[in-house]
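**Student:** What follows is a predicted structure for the sequence shown.
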Amino acid sequence: MRLTETLRMIWTNLLQNKSKVLLTSLGIIIGTLTIILVTAIGKGGEEEVARQYSSMSAETIYVNVIYSDRLDFASIPRISTEHLAVILEENPYLEGIYLRTTLFQETRIGQKKKDLTIAAVTQGYSEISSLPIAEGTDFADADFEDGSRVVVLGNNVAQQNFASPEAAVGESLVINNARYEIIGVLAKKSEGLQGLSPDDSVFLPLQTAQNGDMLDDYAIPQAVGLATSTEVIDQAMTRLKSSLDYLLEDSTMYGIEDAGGRIEAALQSARTMKMLLVSVAAIVFLVGGIGIMNVLFVSVKERTKEIGILKALGTSKKDILLLFLLESVEIGLFGGIVGVLVSFVAMPLMQRTGIAVSPSVEGWVIALFFAVGTAAVFGFYPAYKAAGLKPIDALTYE
């Protein structure tokens, strides 16, 4: 039997059973749509992680207190600016390092009072943590040394409390009944820095916070360093730990980690979620494939006499096998194409819910491959059974 004749017979049969074909392919349609959506969600999640950490240098190193239920804050040794000077001198793998203490203080801006995050920092904070100034100026060296009453606002704080970031420069705010001049506003950061949201914080020199009695036993400085390159991260962390071991009475209270590890962990979580979602889609395809197999078994029974006539006319087992297998594949292809078309409607709807999705040609190709592959795999056995029927048995089947 010629291939064109085989395709014509398949097309005629599908047109005569449109509702059955549609119901049969429903599982494939849903499976295809699921594959496309989960691929888009997975890729969108990876891109969102990459975007959130885009301005965080992978060379960044954090030195944090290891918290526990029995931790006595008063007994924790503090890292000081004098310690930083020694660490930098001894560590050729560090480009810079600064201290950052985060606390909450009631702040009055104009007539409004609110609790804001205060980030008390030392020199080098803006360069090491990539916090450029958008309006005004950054702290001068004298501000850090003298503890001047000046602050730099996060972008959101400036926009929410003033007409614009530009308008905030030169104004003032009150913390602990002391007035501080706003000298600058940071560029919008969008992502956090290990527990700190720069956009929603007020930055001031660490010495200023000490002079203003803002620091208590719970305000423990965190050291943030920047390695010279990603290749020497391990050496920088090892040398840093060695310095802390003899600079502090008990350095075991501090842990050291790098931002690159955090970025990779976040990306790995996104990839794991993507694989879980793909597994769910595979189960949907499995159900759809079983549906195709069941319908083809019914079709073989309904067309047993037709198969007998074809065999009596000399049609080979191979042609019968191909006839039913191609019919299964066409059902899978139809379901895959419909699923792809439906995804063009579903994708914008998902984006409106706030879910990060990123459609890709890769997702559509994978979905179509799975649709056709599933139909072929589950359609083979019914096709094989049809090809194995004996002509006499098929012709006398009731």
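**Tutor:** The structure has been received and is ready for your questions.

**Student:** quick one: residue 370 is in a helix?
**Tutor:** Yes - under DSSP: H, G, I helix; E, B strand; the rest coil, residue 370 sits within a helix.

**Student:** Make 651 the first number, not 1, from now on.
**Tutor:** That works, and once the first residue is 651, the last one we named lands at residue 1020.

**Student:** Give me the pLDDT value at it.
**Tutor:** For residue 1020, the pLDDT comes out at 81.

**Student:** That one: neighbouring residues, count only.
**Tutor:** When neighbours are defined as other Cβ atoms under 10 Å, residue 1020 has 25 of them. Just so you know, the C-beta spots here come from the backbone N, C-alpha and C atoms, and that holds for glycine as well.

**Student:** Also residue 989?
**Tutor:** Counted with other Cβ under 10 Å, residue 989 comes out at 27.

**Student:** Work out for me the element it sits within.
**Tutor:** Take DSSP states H and E as the rule and residue 989 turns out to sit in helix 967-1002.

**Student:** Need the residues that contact stretch 851-869.
**Tutor:** 723-724, 731, 749, 751-753, 755, 757, 766-772, 775, 781, 789, 793-804, 807, 823, 825-826, 828, 830, 836, 871 (Cβ atoms under 8 Å, 6 or more residues apart in numbering).

**Student:** 7 Å - rerun?
**Tutor:** For stretch 851-869, contacts defined as Cβ atoms under 7 Å, 6 or more residues apart in numbering pick out 723-724, 749, 751, 753, 755, 757, 766-772, 789, 793-795, 797-804, 807, 825-826, 828, 830.

**Student:** among these, which are in helices?
**Tutor:** Cross-referencing those against helices under DSSP state H gives 793-795, 807.

**Student:** can you give me the strands for this structure?
**Tutor:** Assigned by DSSP state E, the chain shows strands spanning 710-715, 744-759, 762-771, 783-786, 800-803, 822-825, 828-836, 851-855, 872-877, 904-908.

**Student:** Excluding covalently adjacent residues, which one is nearest to residue 814?
**Tutor:** When the adjacent residues along the chain are set aside, residue 814 lies closest to residue 808, with 7.7 Å between them (Cβ to Cβ, 6 or more residues apart in numbering).

**Student:** follow-up on the earlier one: which of the strands of the chain sits most buried?
**Tutor:** strand 800-803 (a mean of 27; mean count of other Cβ atoms under 10 Å).

**Student:** Double-check the residue nearest to residue 814 against residue 815; I have them as touching.
**Tutor:** Yes - using Cβ atoms under 7 Å, residue 808 is in contact with residue 815, at 4.3 Å.

**Student:** Give the residues shared as contacts by the two.
**Tutor:** Joint contacts of residue 808 and residue 815 (Cβ under 7 Å, 6+ apart) are residue 835.
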